[in-house]
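Q: all I have is the shape, not the residue letters:
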């Protein structure tokens with residue numbers, strides 16, 4: 001179990017770091033805005049208070065350390081998604097990583113943003129309330145493919 005936790009952290013943090021570098025690239029080259037991790041932190045901070053849905057997260061009162069909460073949750077979720085790969089394909093996958101399982105998890109997990117986070121933050125299912133919903137969806141899908149590649153690359157580095 002300790003090996004699963006250790007590898008999940010290493011692989012997930014590595015994949016999430018690659019995703020963040022990708023986001024910086026998209027921002028610098030194409031002007032695509034970076035994620036607002038403070039708003040994500042705010043959403044997570046309200047969960048223990050029993051509030052899952054917000055009209056718009058920006059209109060919800062701020063909480064202390066929401067930016068830090070957002071960044072920490074971003075990386076913990078990356079580790080959780082890495083753990084999913086290991087729980088489905090086993091530690092043998094981490095010892096000899098192949099691309100397909102990592103891509104499958106990367107692509108499937110875009111659903112967490114589309115069907116949990118975005119509606120919870122007041123943006124609708126799959127960003128349907130956003131004026132640029134199709135762009136948000138496409139970028140989310142591409143980002144999760146990059147995350148999947150990151151899972152595979154981080155596993156290669158960590159083995």
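A: Happy to help now that I have it. If you're wondering where the values come from, they're calculated on a predicted model, not measured in any experiment.

Q: within the helices and strands, which one has the residue nearest to residue 18 when sequence neighbours are not counted?
A: Spatially, and ignoring its direct neighbours in sequence, residue 18 is nearest to residue 150 (3.6 Å; CB to CB, 6 or more residues apart in numbering). Just so you know, the C-beta spots here come from the backbone N, C-alpha and C atoms, and that holds for glycine as well. Secondary structure assigned from DSSP states H and E places residue 150 in helix 133-158.

Q: can you give me the buried ones in that helix?
A: For helix 133-158, a neighbour-count test (16 or more other CB atoms under 10 Å) marks 133, 136-137, 139-140, 143-156, 158 as buried.

Q: and for stretch 1-19?
A: 7-16, 18-19.

Q: now do the lengthiest helix in the chain: which elements does it pack against?
A: Taking DSSP state H as the criterion, the chain has its longest helix at helix 2-30. Under the contact criterion of 3 or more CB pairs under 8 Å, 6 or more residues apart in numbering; DSSP states H and E, helix 2-30 touches helix 66-89, helix 91-95, helix 133-158.

Q: residues touching the second one, excluding its own?
A: Under the contact criterion CB atoms under 8 Å, 6 or more residues apart in numbering, helix 91-95 has outside partners 3-4, 7, 11, 85-86, 101, 155, 158-159.

Q: the helix holding residue 150 packs against which elements?
A: By 3+ CB pairs under 8 Å, 6+ apart, helix 133-158 packs against helix 2-30, helix 66-89, helix 91-95, helix 99-108, helix 110-112.

Q: got the angle for the fourth one vs helix 133-158?
A: Spelled out, that is helix 99-108. Put simply, helix 99-108 runs at 150 degrees to helix 133-158, going by axes from the mean of the first three to the mean of the last three CA atoms, to 10 degrees.

Q: what of the longest one?
A: Helix 2-30 runs at 130 degrees relative to helix 133-158, counting by the same axes, to 10 degrees.

Q: which element follows helix 2-30 toward the C-terminus?
A: Taking DSSP H and E, what comes next after helix 2-30 is helix 37-46.

Q: buried sites along that following helix?
A: For helix 37-46, using 16+ other CB under 10 Å, the buried residues are 37-46.

Q: so which of the contacts of helix 91-95 comes closest to residue 61?
A: Nearest to residue 61 out of those is residue 11 (CB to CB; 36.0 Å).
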